[in-house]
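> Take a look and give me a structure for this.
(2 chains)
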Amino acid sequence: MTVPLLKVDNLAVEFGPKSHPIRVVDGVSFEIPPGGAVGIVGESGSGKSITSLSILRLISEPPGRIVQGRIEFNGVNLLDLPRSKMPDIRGRDIAMIFQEPMSSLNPVMKIGDQIGEAIMLHEDMSGEVRRRRVIEMLGLVGIPDPAGRLDSYPHQFSGGMRQRVMIAMALACNPKLLIADEPTTALDVTIQAQVLDLIHKLRRTLNTAVLLISHDLGVIADVCERVVVMYAGRVVEEADVRSIFRAPQHPYTRGLLQSIPRLDDDRDRLYQIPGSVPLAGSVKKGCPFYERCSLRIDKCAEEMPPMFSFGTDQRAACWVTARQADAQAKEATLS
Amino acid sequence: MTDPIIRVEDIGKTFGSGMRFSLAKQADEVRAVDGCSFSINRGETLALVGESGCGKSTLGRLLLRLIDPTAGRVYFEKTELTNLPAGRMRDMRRHLQMIFQDPYGSLSPRRSIAQIIAEPLDVFGLVRSGRQRRERVADLMTQVGLSPTFMDRHPRQFSGGQRQRIGIARAIAVDPSFIVADEPVSALDVSVQAQIINLMQDLQRQKGFSFLFIAHDLAVVRHIADRVAVMYLGRIVEIGPKKQIYRMPQHPYTQALMSAAPEPDPERKGKRIILEGDVPSPKRVPPGCSFHTRCPIRQEICSIERPPLREVAAGQLAACHFAKPFPIPLAKARPAIPA
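Presented below is the predicted three-dimensional model:
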């Protein structure tokens, strides 16, 4: 077993006043091996973005606070570090890109200077060496004529090109982990294909580990080796990508997969999960999916199911499918 | 036998530079929609698909005359809408309704659900008393799957999916014959998206209205469309029956759009057509075929001569000099996901 690069263990995040806290992330655990690619998939309010922001301690406090858990990076619990140490980690060890590249770039600063600044913060090199590094990074992410674009401003780039600039900036210091929060959601599908292709290429050449946050199971399937499914602040299923898509065990994962419209699908009607996503913190006890679940039993309303193992590489938080799997296993051993 | 309810002839919309005396006027014009012709039959759903800036929303608004075209004509049944005087256009609007993308921005936050849904009923004088009004609103809310007991609440008390149901109730309140839905599910969560698509499909079957369904995603319209039109830089590049478009797209852009969408299936990755570059600015539409700058099969003629929309298979038209069938492999039988 390799030592994980990142290990998130039993993380919980609360917002609001301490007297009436709203728990938006509850008991989240997962690991990323060095060079691995893990995806967190979930709908709005699932807590996937808050989880990713917590890793770099980017949650504004107040109103938010991490109330429980560990975030170990290379064996060091980031939550134990003084806040003043975090800027050393950000950008150098762990970098992050966001959904909207325009609002993450400084509109009045040249692209070359912005990427150069990211390098300057962490590495001591002369202006000329730094300049060459910036050109190299821009070339790596597929910006045509990189030397000629150093003096361009963000508004002179298209959405897809801006996201490439963001990726160049994120990777400028060769981080071990890239956190990408919905990196292609604001892009058109043909441009999204280019950016996903770039992420593949960079993983091959730089061996950067990726944590990809997305609502789009297609994007997750494309990039990731492991998938964490979140619902209402909790991890409901976690497995290798093949098991998630071939043999999902949580009723929510199953419903989500069936309700996606597909290009090659002749079904006359889409499967629909009834009801809507519960508001953050509104589920006080039991399984958060209870209200919408077709398999629910009385126990589900009372007691939050723990993560049960299904096979060696898959875990899901469901009382019912765990029992079914148990029964099947018993039957198999008897016959 | 075709029975068009909406017919569009060579419609165009150019947005000006805004500077009346500018010498650069010509150069600053944006050709949002350029020479589109098609029709939509009674009870039919035409899906209009394209990426941002392709002019699909502008085209939708032109059909309802929410904006006026700079070229061409729109007919609703036998009436030409494009030259209709304002008063008569107003009467026409009873038959033409719209559903918007953003369920948060398109409902007034100050009004109750009952007021929002009843507004078109009042405008067209379709209800006589307050009681009748509330009964009608309750009936409409039931039809779209909302409990009438929420009638006096305000939009902020509803989720995105519920708000989109309110928008749909408002659109069907006057029993229109044609509805334009502009990206009605793009802002919704995946699990709610399916509910809204199914609801619109059911309502259409019950009421028989015609639909222009605008989307940026070909997969989303797969279940609801009868025919599909694909737009690129203000022009329709391919249009045809759903089955043919999905099985045998003939325009290279349609083919690229289909293969670009990442599939929710880890065993089918890496077979994408990746287009070079970005969509050119509609201020500088490339000469000839506007897709030639990114086209994987371009030839010399493509940058010189604009290909007309021509029939490439029964009912299927494509605007490409080198259109050819591109069979999309049918999915390997996917193991059923347990319910």
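> need the helix or strand of the chain with the lowest average pLDDT.
Using chain A. Lowest mean confidence among the helices and strands of chain A (mean pLDDT, DSSP states H and E): helix A:101-104, at a mean of 78.
> right idea, wrong chain: chain B
That would be, for chain B by mean pLDDT, DSSP H and E, helix B:25-28 at a mean of 60.
> which strands and helices sit next to the very next helix or strand once past that helix?
Downstream of helix B:25-28, the next assigned helix or strand under DSSP states H and E is strand B:30-41. Helices and strands touching strand B:30-41, by 3 or more CB pairs under 8 Å, 6 or more residues apart in numbering or on different chains; DSSP states H and E, are strand B:4-15, helix B:56-63, strand B:71-76, strand B:210-215, strand B:235-241. In short, each C-beta sits where N, CA and C put it, glycine included.
> by how many degrees do the first one and strand B:210-215 diverge?
It refers to strand B:4-15. If you take axes from the mean of the first three to the mean of the last three CA atoms, to 10 degrees, strand B:4-15 sits at 40 degrees to strand B:210-215.
> So what touches strand B:4-15?
B:29-42, B:44, B:55, B:58-59, B:62-63, B:67, B:69-77, B:177-178, B:210, B:212 (CB atoms under 8 Å, 6 or more residues apart in numbering or on different chains).
> and the helix or strand hosting residue A:166, average pLDDT?
Using DSSP H and E, residue A:166 sits within helix A:159-171. Averaging pLDDT along helix A:159-171 gives 87.
> roughly how far out does that helix sit from the chain middle?
Chain-centre distance of helix A:159-171: 18 Å, with CA atoms, centre = their mean, to the nearest Å.
> go on, stretch B:199-208?
With CA atoms, centre = their mean, you get 17 Å for stretch B:199-208.
> Check whether that stretch comes close enough to chain A to count as a contact.
Yes. Applying CB under 8 Å from any CB of the partner chain, one finds stretch B:199-208 in contact with chain A at residue B:201.
> in the stretch 101-250 of chain A, which spans are strands?
All strands of the stretch 101-250 of chain A, identified by DSSP state E, counting those that start in this stretch, fall at A:177-181, A:209-214, A:226-231, A:234-240.
> Turn the ones you listed into a markdown table, columns for mean neighbour count, distance to residue A:137 and mean pLDDT.
Formatted as a markdown table, the strands of the stretch 101-250 of chain A follow (neighbours: other CB atoms under 10 Å in any protein chain shown; distance: least, CB to CB, whole Å; pLDDT from 0 to 100):
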| stretch | mean neighbour count | distance to residue A:137 | mean pLDDT |
| --- | --- | --- | --- |
| strand A:177-181 | 24 | 13 | 93 |
| strand A:209-214 | 24 | 17 | 94 |
| strand A:226-231 | 26 | 28 | 96 |
| strand A:234-240 | 24 | 32 | 95 |
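> Tabulate those in TSV, adding columns for distance to residue A:308.
TSV is the format used below for the strands of the stretch 101-250 of chain A (distance: least, CB to CB, whole Å):
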stretch	distance to residue A:308
strand A:177-181	28
strand A:209-214	24
strand A:226-231	14
strand A:234-240	10
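> how about these in JSON lines, adding distance to chain B?
Formatted as JSON lines, those follow (distance: least, CB to the nearest CB, whole Å):
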{"stretch": "strand A:177-181", "distance to chain B": "14"}
{"stretch": "strand A:209-214", "distance to chain B": "10"}
{"stretch": "strand A:226-231", "distance to chain B": "9"}
{"stretch": "strand A:234-240", "distance to chain B": "9"}
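> What's the PyMOL syntax to select whichever of the contacts of strand B:4-15 are buried?
To isolate the buried members of the contacts of strand B:4-15 in PyMOL, using 16 or more other CB atoms under 10 Å in any protein chain shown:
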select buried, chain B and resi 30+31+32+33+34+35+36+38+39+40+41+44+55+58+59+62+63+69+70+72+74+75+76+177+178+210+212
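> circling back to that earlier point, nearest to residue A:32 among the strands of the stretch 101-250 of chain A would be which one?
Comparing the strands of the stretch 101-250 of chain A by their distance to residue A:32 (CB to CB), the top pick is strand A:209-214, with 5.3 Å.
> Can you list the strands that the closest one pairs with?
strand A:37-41 (parallel), strand A:177-181 (parallel) (DSSP bridges).
> contact partners of the last one?
Counting contacts by CB under 8 Å, 6+ apart, the residues outside strand A:177-181 that touch it are A:5-6, A:32, A:49, A:52-53, A:55-56, A:73, A:93-99, A:167, A:170-171, A:199, A:208-213.
> 6 Å - rerun?
If you take CB atoms under 6 Å, 6 or more residues apart in numbering or on different chains as the criterion, strand A:177-181 is touched by A:6, A:49, A:52, A:94-98, A:170, A:208-213.
> Just the C-alphas of that strand, formatted as CSV.
Provided in CSV are the C-alpha atoms of strand A:177-181 (Å, rounded to 0.1, in the frame of the first residue of the first chain):
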residue,chain,number,x,y,z
LEU,A,177,-1.5,18.1,-6.3
LEU,A,178,-3.8,20.2,-8.5
ILE,A,179,-7.3,20.8,-7.2
ALA,A,180,-9.6,21.7,-10.0
ASP,A,181,-13.1,22.9,-9.0
